[in-house]
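okay, predicted coordinates and the sequence, questions at the end:
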Amino acid sequence: MTDRRVLYRCRTRTNHLCPCGAVERRLRKLGLEHRVERLPYKRALRPEIQELTRQDRLPVLVDGDEVIHDSRRILEYLDWAYGEDDLEPGEGGGPDPA
């Protein structure tokens, strides 16, 4: 694994119940190496997230010098930065095509 990409996410064990899991699935689908840091559910116990984003919500992706928060923004960033062109409509983080 690499420290270039770090996903800060909740402790939910499955990748199908929360927005953090959607980001984890996309990282895997794109074949991007990443390290996962599972943080407490209690927001007050997430000082590193407060430092990175000035807020306390998850998920947060650190990709080199980029720090992206909000699962939808992270998905959009991953698609833009790593060129996932074969997604089905509605699978990506952006709006559905007309």
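Yep, it's here.

show the pLDDT at residue 25.
We have a pLDDT of 95 for residue 25.

ok, the one 3 residues further on next?
pLDDT, the model's per-residue confidence, is 94 for residue 28.

contacts for the helix or strand hosting it?
Counting by DSSP states H and E, the element that carries residue 28 is helix 19-29. With C-beta atoms under 8 Å, 6 or more residues apart in numbering as the test, helix 19-29 has contacts from 5, 7, 9-10, 12, 14-15, 34, 36, 58-59, 61, 71-72, 74-75, 78-79, 84. To be clear about C-beta, it is placed using only N, CA and C from the backbone, and glycine gets the same treatment.

buried among those residues? Need that as a selection in ChimeraX.
Selecting only the buried entries of the contacts of helix 19-29 in ChimeraX, with 16 or more other C-beta atoms under 10 Å as the criterion:
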select :5,7,9,10,12,34,58,59,61,71,74,75,78,79
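
okay, and which of the contacts of helix 19-29 map to strands?
Counted as lying in strands by DSSP state E, out of those, are 5, 7, 9, 36, 61.

mind putting these into TSV with pLDDT and distance to residue 44?
As requested, these are exported to TSV (pLDDT from 0 to 100; distance: C-beta to C-beta, whole Å):
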residue	pLDDT	distance to residue 44
5	96	26
7	96	21
9	95	17
36	96	21
61	97	22
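
now for these: which two are most distant?
5 and 9 (12.5 Å; C-beta to C-beta).

from what I see, residue 69 and residue 59 are in contact.
Yes: applying C-beta atoms under 8 Å as the test, residue 69 and residue 59 come out as touching, 7.4 Å apart.

mind listing what's buried in the helix holding residue 28?
Buried-residue list, helix 19-29, by 16+ other C-beta under 10 Å: 19-24, 26-27.

mind listing the helices for the protein?
Taking DSSP state H to define them, one finds helices in the chain at 19-29, 47-53, 71-82.

can you check which of the ones you listed gets nearest to residue 40?
helix 47-53 (10.4 Å).
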